[in-house]
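K.L.:
What follows is a predicted protein model with its sequence.
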Amino acid sequence: MNAPSRRVRGLSPIIATLILIAAALIGAAMVYRYFVTASYVVTNKPELVVEDASYNPTSYTLYLRLSNSGMTTVNITGIVVKGAGGTACTVNATSLIGRVLSPSDTLTAIITVTGCQPSYMYVEYKVPGRSYTYVTRPVPVLIYG
């Protein structure tokens, strides 16, 4: 004789549908939060760019053009100029230290560089209210004159 068969019951279609909808809503909320957080980080990221760095060895002057392409105000804290092999040059940039650039501002300056012939340079800067020091991408210095 055959054993009596048991009837296995599953979830009702309505309950299964509600569980799927809840899972989809939770997933959508997680994706939404990720994109909101990522866009906040991108829009509040400071982005100071050295657009031009040209050096005249006759007058020991470095022509510099900076642009704040980020979405937050930045404060220039230092100018670093390096010669061949990473030798530190002496920089007189007191006119630039402490300068504030708002978003989309551009700054053009001429500073004195002695002690070596510049090879590359970068700018150190901070965002008001933050303790971290940012640096621009190192850029080669064009020698002319």
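P.N.:
Happy to help now that I have it.
K.L.:
what's near enough to touch residue 76?
P.N.:
Going by C-beta atoms under 8 Å, 6 or more residues apart in numbering, residue 76 touches 48, 66, 96, 97, 98, 99, 100, 101, 123, 124, 125. Bear in mind the C-beta positions are built from the backbone N, C-alpha and C, glycine included.
K.L.:
hmm, try it at 6 Å
P.N.:
96, 99, 125 (C-beta atoms under 6 Å, 6 or more residues apart in numbering).
K.L.:
From those, which land in strands?
P.N.:
Of the contacts of residue 76, the ones assigned to strands by DSSP state E are residue 125.
K.L.:
where along the protein do the helices fall?
P.N.:
For the chain, applying DSSP state H gives helices covering 13-43.
K.L.:
between the contacts of residue 76, which is nearest residue 137?
P.N.:
Set against residue 137, the nearest of the contacts of residue 76 by C-beta to C-beta is residue 125 (12.4 Å).
K.L.:
Residue 6: how many residues sit nearby?
P.N.:
By the measure other C-beta atoms under 10 Å, the count of residues near residue 6 is 6.
K.L.:
gap between it and residue 15?
P.N.:
Counting by C-beta to C-beta, to the nearest Å, the separation of residue 6 from residue 15 is 21 Å.
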